[in-house]
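J.: Fold the following and give me the result.
(3 chains)
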Amino acid sequence: MFILAIETTGPHCSAALIDGNGNVSELVSEGELKHLQSLTPMIEKLMKNSGWDQISDIAVSAGPGSFTGIRIGVTTARALGQALDKPLISVPTLHAFGADEEADDDTVVCPVFNARRNQIYGGAYRGGAEIVEAGAYDLDEFLSMLRGEKFRFIGDGTAVYGEKIDIWATEEGVEVSFSTKDQRASGVARMALRMKNDPEFYTGRTGLRYDRLEPEYMRKAEAQKKLEDKLKAESAGKPAGLTLRYASGADIPAMVDIENRSFARPNSEDMFRREIEENPDMDYAVAEIDGKMAGFAGLWRVAGEGHINNVAVAPEYRGRGIGAEIIKKLTDDARKMGIKEFTLEVRVSNRTAIGLYEKFGFKKEGIRKGYYQDNGEDALIMWRREK
Amino acid sequence: MKDGRHITLAIESSCDETAAAVMADGRVMLSNIISSQIDIHKAFGGVVPEIASRHHLTNVNHVVDMALEEADVTPEEIDLIGVTKGPGLVGALLIGIATAKALSLAWGKPLIGVHHIQGHISAAYVENPDLEPPFMALVVSGGHTEIVRVEDYDSYKVLGSTRDDAAGEAFDKVARVIGLGYPGGPLIDKLAKEGDPDAVAFKRVFLEKGSLDFSFSGIKTAVLNYMNTEKQAGRPVNTADVAAGFQQAVLAVIVTKAVGAAADAGEDKIIMAGGVAANSRLREMMEASCAEKGIKLYVPSPILCTDNAAMIGCAAYNMAMKGHMDGLDMDAYARLDIEEA
Amino acid sequence: MKELIIKNEQETRLFALDLAKKLEKGSLVALSGDLGTGKTALTKYIAEGLGVTETVTSPTFTIIQEYRSGRLPLYHFDVYRVNDEEELFEIGYEEYFYGDGVCVVEWADLIDELIPEDALRIHIEYGKAPEERIYTCSF
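T.: Coordinates of the predicted model:
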């Protein structure tokens, strides 16, 4: 029995068959960007010596990548699945591509595709495992998430961003190599076999009925991108020398100081110690200006939700969008860990904060009466839920 | 084959609609599924599919399933797969084409790509089993206005087309200008009945002598100017009269050219196709003019005037009978010449 | 921002031919203005300036019309009927806007958030005389 694998997300279109032992036969198109014309004849050729009854699954590289390419592959796979009543496998493109690159276990493989508007689709893989989640990123954002000593960049993004990546590598003092290979159906086939043999590896992507297979463009909806750009512009007036990072025990004194100057009933130093040093599900992000702490906020990850609390900005730094930067860092990073719903409480009288949270997509969902003990003020409960 | 009849499965996805149909012997409609017309309450396999406008990728599999189910036809019984290959939106066309190719490969059935206008013209065959080429065709829709001489099932000559706006588009835009809703065509049709077509006369644009081309952007501007002038002068406007006058100006040109072309070519048959073919006044005028000249007029029912796959299935069958076939390397064509398709 | 008085169709044509010379791969001309202000007419002349030989017709119903006979592919959009970002995405607008040719988008104001920052925006209004138009250009 074979798995038929389809790859149409890149410049070349390819199809492959893989058997249970991992033997692969593959066809690759000669020209670029003729996927609609090339794909079906290629599959026909591959199937010349086998019958459809020997096909157990149809796997397709679901994206990200070329919009039209993805659609051709996904549509073809769905129709084949429908016609032959076969299950489908939705293969994550970047992971399959990254895992298929031959590299030693010390090398972090980074497939990067050129997305429009100075964005890339990228991910990072080491020993076949994903260490930076596949997604749409600004190049600098992506590079800042990479950890390691040796990197291999692959995919069509290397041609466009090679120079910038070289500069980054020099600055970080890391080794970098490039490959101009692009994604291939053989890689998709190998990933599909792995996924089929271990359904826990990527749950919900194997054994799919044809109408459950969807393209994965991974685009940021324009509205969201505009919001992000707007927030970036608003805080750039971004204070020069603003850094964002996560708190450690050494930050506690500075945090306590800001806490005491911001709240009528400040949290104790003990609380900070417990949450920063003992609670693994709690993160505090801190903002510093020229090395001096300006503010912080905490995020508690529980039951797949993110609870934002203890947001504080030192009085002398307020009004500069620092709170926004901290919240953004917390929510962005938490999203990468799979958290899709966030909640927080805010004083009903705190118009500024409410406005800020609404800009981040938080919506009012409820009231906790008399929540604030210092003056019995009600708390507004806000949630941001992803569709 | 089923019950001794040739079975065609057809898919259409050139613009707004995702459609699939099953035709018997090319002309008999066993099913005709159109995405925008699916009764949302009609459950499919216990789950109501999400059918969203222009979401061809997620729609196409459902409409194909529904077409086969309603026609009570199995894949084995299919003899031919037809699909629109152009003209239209490439992003939309490719969904239908990639699907048709995959089905063709998986089920081992021959494949034919059809020109969208050829499809509209073929709608006439669906309701008129005895109709055969040659004849003249008037195709009027939101996106097309053409006079085509249908020489054979696979041979067409475009005698005239629009140089700017299509007729259907002019209707929609004028409807907006005079304050009607959307879609404008049927609303103008209805309102015009209450108006006097001679009360507000708009210039009929025939273009140069002997031309069978059309130009409707001028009349759109004329209506706009009229409305503005009256408004500025503070005079009340009788929108029914404006609708009637506009309609008359547009249709008079269409009817004169279309029927004239048929008469000049010695054709005794003319068909109407496309969304605007549903306009009651156009039908009236065409009937009268054709009767005068002894030309037989074929008018399809409204469901076949809009985009659908039944007409594509019929066109595909006719092409197949003429020996045409497409390969699995078929492409999508944003622009396509009916004379070379 | 530049405001121009265009007296008649001949001046529209001259303006368009001149503009066409400046267009390159990835250029996008965003047109806004009421019905009848001449967005399609302007596009026809831009097409002429690009060397397009096919007849340019209104894309109101077809949404996108492609022309490949000129020195660059020309993608003529009319988003009057479809101005929802999701639907436009399904049609593939990104590949056109950031692709290999020139895009001219009629009713661009309806999809303002999707228009690239560096687009050439032209807003057209009626002038005093019936044939006259006022162009407000972002370039």
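
J.: so how far is C:E87 from the residue with the shortest distance to the centre of chain B?
T.: For chain B, B:G274 is the residue whose C-alpha lies nearest the centre (C-alpha atoms, centre = their mean; 2.8 Å). For B:G274, the distance to C:E87 equals 23 Å [C-beta to C-beta, to the nearest Å]. Where you see a C-beta, it was placed from the backbone N, CA and C, and this is true even at glycine.

J.: need the strands for the stretch 251-387 of chain A, in chain order.
T.: In the stretch 251-387 of chain A, the strands defined using DSSP state E, counting those that start in this stretch lie at A:282-289, A:292-302, A:305-313, A:341-347, A:363-372, A:377-385.

J.: Same list, those, but as TSV with distance to B:R204 and mean neighbour count please.
T.: Compiled in TSV, those are given as follows (distance: least, C-beta to C-beta, whole Å; neighbours: other C-beta atoms under 10 Å in any protein chain shown):
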stretch	distance to B:R204	mean neighbour count
strand A:282-289	71	21
strand A:292-302	71	20
strand A:305-313	67	20
strand A:341-347	63	19
strand A:363-372	57	12
strand A:377-385	59	17
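
J.: gap between C:E87 and chain B?
T.: 5 Å (C-beta to the nearest C-beta, to the nearest Å).

J.: Can you say which helix or strand has residue 124 in it?
T.: If you meant another chain, say so; for now it's chain A. strand A:119-126 (DSSP states H and E).

J.: wrong one, I was asking about chain C
T.: Going by DSSP H and E, C:I124 is in strand C:120-126.

J.: contacting residues around the residue in the stretch 1-150 of chain A that chain C sits nearest to?
T.: Proximity of the stretch 1-150 of chain A to chain C (C-beta to the nearest C-beta) peaks at A:R116, 4.2 Å away. Contact partners of A:R116, counting by C-beta atoms under 8 Å, 6 or more residues apart in numbering or on different chains, are C:94, C:98.

J.: Distance check, it against A:G63.
T.: Counting by C-beta to C-beta - A:R116 and A:G63 are separated by 14 Å.

J.: now swap in A:R301 and tell me
T.: 28 Å.

J.: try B:W107
T.: On the measure of C-beta to C-beta, B:W107 and A:G63 end up 27 Å apart.

J.: Between the two, which has more neighbouring residues?
T.: A:G63 (28 against 16; other C-beta atoms under 10 Å in any protein chain shown).

J.: Got phi/psi on the nearest residue to that one once chain neighbours are set aside?
T.: Nearest residue to A:G63 in three dimensions, chain neighbours excluded: A:E216, at 3.8 Å (C-beta to C-beta, 6 or more residues apart in numbering or on different chains). With angles defined as degrees, to the nearest 10, A:E216 shows backbone torsions of phi -120, psi 80.

J.: burial count for residue 267?
T.: Going with chain A. A:N267 has 17 neighbouring residues, counting by other C-beta under 10 Å.

J.: Chain B was what I was after
T.: 18.

J.: just checking, it touches B:V150?
T.: No. When contacts are counted by C-beta atoms under 8 Å, B:E267 is not listed as touching B:V150 (9.2 Å).

J.: who touches both of the two?
T.: B:134-136.

J.: Turn these into a markdown table, including distance to C:D78.
T.: Output for these, formatted as a markdown table (distance: C-beta to C-beta, whole Å):
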| residue | distance to C:D78 |
| --- | --- |
| B:P134 | 35 |
| B:F135 | 33 |
| B:M136 | 30 |
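
J.: Are any of those residues buried, and if so which?
T.: B:135-136 (16 or more other C-beta atoms under 10 Å in any protein chain shown).

J.: just checking, next helix/strand downstream of the helix or strand bottoming out on mean pLDDT in chain A?
T.: Every helix and strand in chain A was compared by mean pLDDT, DSSP states H and E; the lowest is helix A:222-234, with a mean of 63. Note on helix A:222-234: by DSSP H and E, the next helix or strand toward the C-terminus is strand A:242-246.

J.: Now do that next one, average pLDDT.
T.: Strand A:242-246 shows a mean pLDDT of 87.

J.: Could you list the residues in contact with that strand?
T.: A:283-289, A:294, A:322, A:325-326, A:329.

J.: Which member of these is positioned nearest A:V108?
T.: Using C-beta to C-beta, A:K329 comes nearest to A:V108 of those, at 22.5 Å.

J.: Can you classify B:I303 by secondary structure?
T.: helix (DSSP: H, G, I helix; E, B strand; the rest coil).

J.: now the closest residue to it other than its chain neighbours, which residues is it bridged with?
T.: Spatially, and ignoring its direct neighbours in sequence, B:I303 is nearest to B:N32 (7.2 Å; C-beta to C-beta, 6+ apart). Under the criterion DSSP bridges, B:N32 forms beta bridges with B:A21.

J.: which ones are touching B:N32?
T.: B:19, B:21, B:67, B:303, B:308-310.

J.: Please report how far it lies from chain A.
T.: 20 Å.

J.: Which pLDDT value goes with that residue?
T.: Looking at B:N32, the pLDDT reads 95.

J.: Roughly how far does it sit from B:A20?
T.: 8 Å.

J.: what residues are shared contacts of these two?
T.: By C-beta under 8 Å, 6+ apart, the residues touching both B:N32 and B:A20 are B:67, B:309.

J.: re the thing from before, show me what the strand holding C:I124 is packed up against.
T.: With contacts defined as 3 or more C-beta pairs under 8 Å, 6 or more residues apart in numbering or on different chains; DSSP states H and E, the packing partners of strand C:120-126 are strand C:28-33, helix C:39-49, strand C:133-137.

J.: just the angle between the first one and helix C:39-49, please?
T.: With axes from the mean of the first three to the mean of the last three C-alpha atoms, to 10 degrees as the criterion, the two stretches strand C:28-33 and helix C:39-49 enclose an angle of 150 degrees.

J.: Next SSE downstream of the helix or strand hosting B:I81?
T.: Here B:I81, judged by DSSP H and E, is contained in strand B:80-86. Later in the chain than strand B:80-86, the nearest helix or strand by DSSP H and E is helix B:90-107.

J.: what mean pLDDT does the next helix-or-strand element following that next one have?
T.: The helix or strand immediately downstream of helix B:90-107 is strand B:111-115, counting by DSSP H and E. The pLDDT scores in strand B:111-115 average 97.

J.: can you list the weak-confidence ranges in the chain?
T.: Using chain A here. A:221-240, A:387 (pLDDT under 70).

J.: You answered for a different chain; I wanted chain B.
T.: If you take pLDDT under 70 as the line, chain B has these spans: B:39-53.

J.: which helices and strands sit right next to whichever helix in it runs longest?
T.: Longest helix in chain B by number of residues, with DSSP state H as the criterion: helix B:239-265. In terms of contacts (3+ C-beta pairs under 8 Å, 6+ apart), helix B:239-265 is packed against strand B:135-140, strand B:145-152, strand B:155-161, helix B:167-177, helix B:184-192, helix B:217-233, strand B:269-273, helix B:280-293.

J.: Turn the ones you listed into JSON lines, columns for distance to chain C.
T.: As requested, the helices and strands packed on helix B:239-265 are exported to JSON lines (distance: least, C-beta to the nearest C-beta, whole Å):
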{"stretch": "strand B:135-140", "distance to chain C": "12"}
{"stretch": "strand B:145-152", "distance to chain C": "9"}
{"stretch": "strand B:155-161", "distance to chain C": "8"}
{"stretch": "helix B:167-177", "distance to chain C": "5"}
{"stretch": "helix B:184-192", "distance to chain C": "11"}
{"stretch": "helix B:217-233", "distance to chain C": "4"}
{"stretch": "strand B:269-273", "distance to chain C": "15"}
{"stretch": "helix B:280-293", "distance to chain C": "18"}
